[in-house]
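Asks: next comes the sequence, and after it the predicted model I'd like to discuss.
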Amino acid sequence: MLKVAILDDYQNVAQQFVDLEKLSGKYEFKIFDKPFTNEDDAIDQLMDFEALLIMRERTAITQNLINKLNKLKYIITSGLRNKSINLEAAKKRNIIVCGTESNLNPTPELTWALILGLARNFKEEIDNMYQGYWQTTVGIELKGKILGLIGLGRVGSQVAKIGKAFGMKVTGIRRNPCNDEYADEVLGVNQFEALLPLLDYLVLALPDSSETRNIINNEVLEKLNNSAMLLNVGRGSAINEQDLSDALNNEEIASAALDTTKKEPLEQSSPLWLSLIHI
């Protein structure tokens, strides 16, 4: 039987989406629901597996890891894009790499849950209610607010569509500007910084690349209004976490909501733990 390791199933949902029992005659599965301590720990625990079924980009499938796993033949990722896999190293070892189709809907839906949560102070009000307080803040109306989207691809376009339904003004930033039926305007990356002081909400929907890493840094955060709210539903590498923590603690921006971070789960050493009241 082919030995398959399912990595980073922190929520224990793999068995809800795949009928592993039905496949048990051909495959022997082991689910790893906790992160590895380090790469050496990953190599030690995965040494006997012939296939890795990886959940997004949490465990880095590096050249060293690929070369040390002598029995490895297959790498399967959830989704069609996964920057954590060293494809060149896999190719040299003749390891087959493939991915699954992606469901477009969850990320735009989550984005709006986060935007509404920040606008209406959900976390603060829920926490206050359990302490016996009642309505300590006033929410923000979305209609008429300016929503900026960095990354106007499949996810960003759907976020823009819902923004228009709320009556917001939507501006997108793309490397190659184009017409979008849901954005009021689409600008090039060279106009990004000029847009920042105008925004009420800034949403990142970016892949990981050399061009997008640390795109949100001190210089950018300083240009946002102190009432602006930042949301990241793309890759965690887009944000310099120390700079964001400083901006939140210094009240340079109002709040932030992060679907992803550079390291997942968020490391105890991350400066963001000092800013969680704002997130």
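Replies: Nice, I can see it.

Asks: what about the strands in the stretch 151-279 of the chain?
Replies: Applying DSSP state E, counting those that start in this stretch to the stretch 151-279 of the chain gives strands spanning 169-174, 185-188, 201-204, 229-232, 255-258.

Asks: the longest one pairs with which strands, and in what direction?
Replies: Which is strand 169-174. Partners of strand 169-174 in the sheet, by DSSP bridges, are strand 146-150 (parallel), strand 185-188 (parallel).

Asks: could you do the last one as well?
Replies: Sheet partners assigned to strand 255-258 using DSSP bridges are listed as strand 229-232 (parallel).

Asks: contacts for the strand it pairs with next, please.
Replies: 111, 114-115, 118-119, 200-204, 216, 221, 224, 238-239, 244, 253-260 (C-beta atoms under 8 Å, 6 or more residues apart in numbering). Placement of C-beta: from N, CA and C, glycine included.

Asks: send the alpha carbons of it over as PDB?
Replies: Coordinates of each C-alpha in strand 229-232 appear next as PDB, following Å, rounded to 0.1, in the frame of the first residue of the first chain:
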ATOM      1  CA  MET A 229      -8.500  49.400   8.300                       C
ATOM      2  CA  LEU A 230      -6.100  46.800   6.800                       C
ATOM      3  CA  LEU A 231      -7.200  43.300   5.800                       C
ATOM      4  CA  ASN A 232      -5.000  40.500   4.400                       C
END
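
Asks: now that strand: how far from the chain's centre is it?
Replies: 11 Å (C-alpha atoms, centre = their mean, to the nearest Å).

Asks: next one: stretch 15-30
Replies: On C-alpha atoms, centre = their mean, the centre of stretch 15-30 falls 28 Å from that of its chain.

Asks: buried ones in that stretch?
Replies: Neighbour counts over stretch 15-30 (16 or more other C-beta atoms under 10 Å) mark E28, F29 as buried.

Asks: may I see the strands paired with strand 169-174 arranged in CSV, with distance to K92, mean pLDDT and mean neighbour count as well?
Replies: Converted to CSV, these look like this (distance: least, C-beta to C-beta, whole Å; pLDDT from 0 to 100; neighbours: other C-beta atoms under 10 Å):
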stretch, distance to K92, mean pLDDT, mean neighbour count
strand 146-150, 35, 97, 25
strand 185-188, 38, 94, 15
